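J.: Got a sequence here, can you build the structure:
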Amino acid sequence: MPFALAPILETERLVLRAPAAEDFEAWAEFAADEETMRYLGGVQARSVAWRGLCTVLGAWTIRGFGMFSVIEKSTSRWVGRLGPWQPEDWPGTEVGWGLARQTWGRGYATEGASACMDYVFDVLGWTEAIHTIEPQNTGSQAVAKRLGSTLWGPAKMPAPYEKTIVETWGQTREQWLARRKG
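T.: Prediction:
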């Protein structure tokens with residue numbers, strides 16, 4: 001059962017809701033996929049994936065926001081996680097995404113992240129949103145560009161990712177609102 005205090009966002013093809021226990025099997029499969037996890041910290045054992053699911057859900061309690069589970073409307077299956085993210089010492093207020101490989105190329109990341117950008121600016125009151133992306137991750141760079149974000153430069157990640165080289169892509173609330181009006 002999804003966490004009651006987290007909102008449910010809907011797009012044309014997706015439901016974004018708080019992670020729940022019933023998401024774990026798909027979450028663990030996602031975390032075990034080498035290609036999916038290439039730019040998300042590497043493959044994770046089931047026990048680590050469980051802690052990740054609990055961490056994301058716990059962020060809703062501690063921060064008042066966290067990543068959503070992405071549910072495909074047509075099948076009701078869990079297909080990824082995306083949304084607002086800002087652990088301790090993170091380089092900024094992030095809207096991030098990670099989707100199961102079998103859904104790549106369908107526009108789900110852009111669709112879900114767009115709904116999250118509205119949410120973080122309209123509801124959470126953020127003044128900017130970033131996306132931390134490894135330089136080789138051209139797929140996520142393309143999503144960031146479709147969102148209207150631009151390359152802001154290198155970012156320093158906290159432990160245990162301090163050796164991971166990432167670039168910050170982002171935009172301000174004003175830029176997002178102007179793009180949304182246009």
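
J.: Could you pull up the residues touching W60?
T.: W60 makes contact with 3, 5-6, 18, 66, according to CB atoms under 8 Å, 6 or more residues apart in numbering. (Glycine included, C-beta is placed from N, CA and C.)

J.: Could you do E94 as well?
T.: The contact partners of E94, taken as CB under 8 Å, 6+ apart, are 84-86, 129-132.

J.: Just send the contacts of W60 back as TSV, with pLDDT and secondary structure too.
T.: As requested, those are exported to TSV (pLDDT from 0 to 100; DSSP: H, G, I helix; E, B strand; the rest coil):
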residue	pLDDT	secondary structure
F3	52	coil
L5	74	coil
A6	88	coil
A18	94	coil
G66	96	coil
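
J.: Selection in PyMOL covering whichever of those are buried, please.
T.: Selection of the buried residues among the contacts of W60 in PyMOL, burial being defined by 16 or more other CB atoms under 10 Å:
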select buried, resi 6+18+66
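
J.: want to throw the contacts of W60 into TSV with distance to S47?
T.: Listed next are these as TSV, based on distance: CB to CB, whole Å:
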residue	distance to S47
F3	22
L5	27
A6	24
A18	21
G66	20
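
J.: hang on, the earlier thing: ok, so of the contacts of E94, who is nearest A113?
T.: H131 (8.1 Å; CB to CB).

J.: And the pLDDT at that closest one?
T.: The per-residue pLDDT reported for H131 equals 98.

J.: Dig out what it forms beta bridges with.
T.: In this structure, H131 bridges to W169 when assessed by DSSP bridges.

J.: so after whichever strand or helix holds S47, what's the next helix or strand?
T.: If you go by DSSP states H and E, S47 is part of helix 46-62. Downstream of helix 46-62, the first helix or strand assigned by DSSP H and E is strand 68-72.
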